[in-house]
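Let me see the structure of the following:
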Amino acid sequence: MDRGNLAARAGRWSAAHWKTATVAWIVFVIASVAIGRAAGVVKLSDAENATGEASRAQAILQSAGFSQPADENVLVQSKTLTVADPAFRVTIDRVAARLRTLPQVQEVRSPLTRAGARAISPDRHAALVQFSIRGKADSADKRIQPVLDSVATLQKQNPSFTVAEFGFASANHELNNTIGKDFQKAERLTVPITFLILLFVFGAFVAAGIPVLLAFTAVLASIGLAEATSHLAHLSDSTNSVILLMGMAVGVDYSLFYLKREREERRGGHGEGDALQRAAATSGQAVLISGGTVLIAMAGMLLSGSKIFTSIGIGAMLVVFAAMVGSLTVLPALLGKLGDRVERGIVAVTAAGLLQVLRLVGQKPSWLVHLRERKTYLRRIKGDRTESRVWARILAPVLRHPAISVALSVVFLVVLALPVRGIHTKLLSFTDLPRSIPIVNTYIAIQKEFPGAQTPAQVVLKAPDVTTPRMQQAIGVFEQRALATGRMFQPIEQFVNPAHTVVRIEVPLAGNGDNSASVAALETLRNDVLPSTLGKVAGTTYAVTGETAGTHDFNQTMKDRFPLVFAFVLGLAFLLLLATFRSVVVPLTAIVLNLLSVAAAYGVLVWIFQDGHLQGLLGFHSNGAVVTWLPLFLFTVLFGLSMDYQVFIVSRIKELVDRGEPNDAAVEHGIRRTASTVTSAAAVMVAVFAVFASLRTLDIKQLGVGLAVAILLDATVIRGVLLPATMKLLGDWNWYLPKALDWLPHVAPEGKAERPGRDAEPVLD
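So this is what the prediction gives:
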């Protein structure tokens, strides 16, 4: 039964050497965390975060030795008065004088001086008092609070004016205190929510706790390994969050598949050892195959052309591999040791029972005693049912009318996918953050009065000496030509590095930083103004970066690389499934169904976030776009997670076919016996992703909604309707393999036929 079956051999060895397997896993987790802590983290630099020309510009800046501190602005604004009015000028002087008294502040520049005159808005109803924070820019947010307090006091003292601060340090400080804490709260909710769902699924504390414990330890180990590998491939800020999401999702899935099959075999009359071995040879093998498919999908991110995706891809691959290894080794070790004790802490698997558990937890310290009393009740209500009645009722009409079921489900998914035709992507800016954060409103006000001033294009010019009269004359001509276009504005500012070899020229652009006006201004700057001015000076090198340039270049990189990632993931997934199921039809069907699921998720994302639906319900303000990195990320993640369900279900169907059941019966029995497991796994994923959808940052909200919608569609419409109907229509063609490929190895589990009515787990509806 397990000849050539790696999962079966791993399960048998682990069960026989449970102490070694368990201790090895604990040592692996502790060592990974310790190594990561000792090695430290190397984060992606600004140049590595960018792509294209923006990346080249950032690389020049990075090596130029700029010691530029964090710049801040205090907006002084009046709806009725102008800078010419004495009251306005007195308020500006008060702000500047107060800032000069603060030890954290340096280089205060008043708009009332000749040097600061360009910091007055065209309508003269607003002005900026500019200054810098002493010390390194990357730690300035830790020193900014006294300055923010002083500005808040100035606002109270001058109620007829708007007095508000915005800058690199204040923005980071505010975001860390709001969205950062919000995100940490969501991460802390992930584990308890997962445990409660599994408690509902298994009805026992031990059985529910094992998948959560394994998944969470896999996450901890992977974070440690990601920190260690960051010295080779630098770490993105998002990598640890993705590790948590993916680790809890696949880690719980793999343990769930394995544990439910082991329970099913035992209730089918098999002894402890035999049941565990059969679970290892079947569900364990499915875990191995689906894990390989997810690894392929995650590896696709390495071809994206972005080091952000490279970091995320490596982190995701680490946690998927760790979760897979844990499920194939330490899980059977624990199950073999625990035996019947896995059912300890048993509770009634009903909504009312779960609510009672929660009430007992909150009211009585002796609540465990009460939970033990529910064991008899649980065993009584389980009865002798072997399959889910809910899924049986759903599958009956689907398999009776497969053609109609396929047509209706495909039409439904295509309708959901239609909005994707008009998808528009962009990177987020401060205008996309929740308006409930005060500093966001300050940013919007400054952006309105000083277009592009907060997100200027940064022209990085490198030459032997940028301070020579000839170079300064060329820069002056450049500024004149830029302003003459009508798409670039004052204040244009220069910053020279200590060696006088690089100058950074900040040029405010039209638009809000990422709309069509800003992109048009960027293209004019790159393709017209620069080549006709600085580009004519011999011995110079220049490149443009900034928010607009970064978004534009990142978008272009994604468009160029998406076909490569697409072909890589689909091609390798096809080959793996071909070898697994010895069929060309099964992998083609899986790919088509998964692409339908991904397309539908894209369409829902566009309809909600780009078209602006459900803003009140989900708590966001539409910016008319989907975040740039999301389509490629969602494709790789959703394709991998969808394959989990595909492999698990089709493996069971193939197992039944190989044991002699006709195709139609195998499809029906296989899906009915796996439906509750897939539903349970999907419930965990949807709940975890929904937590992240509740966050206030628009990109994470889009990620959470996209993943939750896709998994929900995949576990219901795709796996519950479209897959069984399609396999029913195809009949024996499902298992078609050309004779030329008959040399492929037998990877799928094989065994003797099961006895009807004795081989499936009783489930509750």
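
in the stretch 301-450 of the chain, which spans are helices?
Here the stretch 301-450 of the chain has its helices, by DSSP state H, counting those that start in this stretch, at 307-328, 330-338, 351-363, 367-373, 375-382, 389-400, 402-417, 438-449.

Could you export these to a markdown table, including columns for mean pLDDT and distance to Glu547?
Bear in mind the C-beta positions are built from the backbone N, C-alpha and C, glycine included. Converted to a markdown table, these look like this (pLDDT from 0 to 100; distance: least, Cβ to Cβ, whole Å):
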| stretch | mean pLDDT | distance to Glu547 |
| --- | --- | --- |
| helix 307-328 | 93 | 16 |
| helix 330-338 | 89 | 46 |
| helix 351-363 | 47 | 46 |
| helix 367-373 | 43 | 54 |
| helix 375-382 | 41 | 57 |
| helix 389-400 | 82 | 49 |
| helix 402-417 | 95 | 31 |
| helix 438-449 | 83 | 11 |
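
which one of those helices has the most crowded surroundings?
helix 307-328 (a mean of 26; mean count of other Cβ atoms under 10 Å).

Which strands and helices lie in contact with it?
Packing partners of helix 307-328 (3 or more Cβ pairs under 8 Å, 6 or more residues apart in numbering; DSSP states H and E): helix 6-16, helix 46-49, helix 205-229, helix 239-267, helix 285-299, helix 630-658.

List the contacts of the fifth one.
Right, the one you point to is helix 285-299. Contact with helix 285-299 is made by 5-8, 246, 250, 254, 257-258, 313, 316-317, 320-321, 323-324, 327-328, 568-569, 572-573, 576-577, 580, 636-637, 639-641, 643-644, 646-648, 651-652, 747-749, as judged by Cβ atoms under 8 Å, 6 or more residues apart in numbering.

hmm, 7 Å instead?
By Cβ atoms under 7 Å, 6 or more residues apart in numbering, the list of residues contacting helix 285-299 from outside reads 5-8, 250, 254, 257-258, 313, 316-317, 320-321, 324, 327-328, 569, 572-573, 576, 580, 636, 639-640, 643-644, 647-648, 651, 749.

now that helix against helix 307-328, angle please.
Angle of helix 285-299 versus helix 307-328, following axes from the mean of the first three to the mean of the last three Cα atoms, to 10 degrees, is 170 degrees.

Turn the helices of the stretch 301-450 of the chain into JSON lines, columns for distance to Gly704.
Converted to JSON lines, the helices of the stretch 301-450 of the chain look like this (distance: least, Cβ to Cβ, whole Å):
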{"stretch": "helix 307-328", "distance to Gly704": "16"}
{"stretch": "helix 330-338", "distance to Gly704": "28"}
{"stretch": "helix 351-363", "distance to Gly704": "24"}
{"stretch": "helix 367-373", "distance to Gly704": "32"}
{"stretch": "helix 375-382", "distance to Gly704": "33"}
{"stretch": "helix 389-400", "distance to Gly704": "27"}
{"stretch": "helix 402-417", "distance to Gly704": "18"}
{"stretch": "helix 438-449", "distance to Gly704": "21"}
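
and Ala682, which of these is closest to it?
For Ala682, the closest of the helices of the stretch 301-450 of the chain is helix 389-400, at 12.7 Å, according to Cβ to Cβ.

Output the longest helix belonging to this protein.
helix 547-581 (DSSP state H).

quick one: the residue of the chain most remote from its centre from Ser78, how far?
In the chain, the residue that sits farthest from the middle, by Cα atoms, centre = their mean, is Pro86; the gap is 52.2 Å. Distance, Pro86 to Ser78, by Cβ to Cβ, to the nearest Å: 12 Å.

Kindly report the same for Asn734.
Taking Cβ to Cβ, one finds Asn734 at 74 Å from Ser78.

So for those two, which sits in the more crowded spot?
Taking other Cβ atoms under 10 Å, Asn734 and Ser78 do not tie; Asn734 has more neighbours (22 against 19).

dump the residue contacts of the more buried one.
Counting by Cβ under 7 Å, 6+ apart, Asn734 has contacts 583, 585-586, 663, 727.

In PyMOL, select just the buried ones from the contacts of helix 285-299.
Buried residues among those (16 or more other Cβ atoms under 10 Å), as a PyMOL selection:
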select buried, resi 5+7+8+250+254+257+258+313+316+317+320+321+324+327+328+569+572+573+576+580+636+639+640+643+644+647+648+651+749
